[in-house]
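kindly return the folded structure for what I paste below:
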Amino acid sequence: VQLVESGGGLVQPGGSLRLSCTASGFTLDYYALGWFRQAPGKEREWVSCISSSDGSTDSADSVKGRFTISRDNAKNTVYLQMNSLKPEDTAVYYCAARLYSDYCDGMNYWGKGTLVTVSS
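This next block holds a predicted model:
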């Protein structure tokens, strides 16, 4: 059972990145899927969530209007499209999954993270 993130890297302020997270060993169909991040010296924080039942989404105020979460169950993958990136978005981004839920708390599985650095 594994979640593997990809797509991180260095981007200039105002730029875009798309993160991907693919599951192996289990299917994501019945999982709420979330993205979290941890900036240097700070606690991990929730970024965005997509439900298992109807695909409804929610995001933290700090990223609303800039980040979009989506899922492709056929590819067993969840995405985070990040636009208008700011230096304060610099962090390690983690994906996580919670079984039989529409909410992103008490996650069952976590990826190891991918680093996003926003800098000129």
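
contacts and neighbour counts: CA atoms only from here.
Fine.

all strands for the chain, in order.
Secondary structure of the chain (DSSP state E): strands at 2-6, 9-11, 17-24, 31-38, 45-50, 57-59, 67-72, 77-82, 91-99, 109-110, 114-118.

what's the spacing between Val47 and Val4?
Val47 is 17 Å from Val4, where distance means C-alpha to C-alpha, to the nearest Å.

these two: which is more packed in?
More crowded of Val47 and Val4, by other C-alpha atoms under 10 Å: Val47, with 25 against 18.

so who does the spatially most central residue of the chain touch?
When C-alpha atoms, centre = their mean is applied to the chain, the residue found nearest the centroid is Trp35 (2.6 Å). Neighbouring residues of Trp35 by C-alpha atoms under 8 Å, 6 or more residues apart in numbering: Trp46, Val47, Ser48, Cys49, Leu80, Tyr93, Tyr94, Cys95, Ala96.

likewise for Gly34?
Trp46, Val47, Ser48, Cys49, Ile50, Cys95, Ala96, Ala97, Cys104.

can you name the residues bridging to it?
For Gly34, the beta-bridge partners are Cys49, Ala96 (DSSP bridges).

about what we covered before: farthest pair within the contacts of Gly34?
Maximum pairwise distance among those (C-alpha to C-alpha): 13.4 Å, between Val47 and Ala97.

rewinding a little: tell me the pLDDT of the residue nearest to the centre of the chain.
With respect to pLDDT, Trp35 scores 98.

repeat that for Thr77.
96.

just Val92 next, same as before
98.

so Thr68 sits against Gln81, correct?
Yes: using C-alpha atoms under 8 Å, Thr68 is in contact with Gln81, at 5.0 Å.
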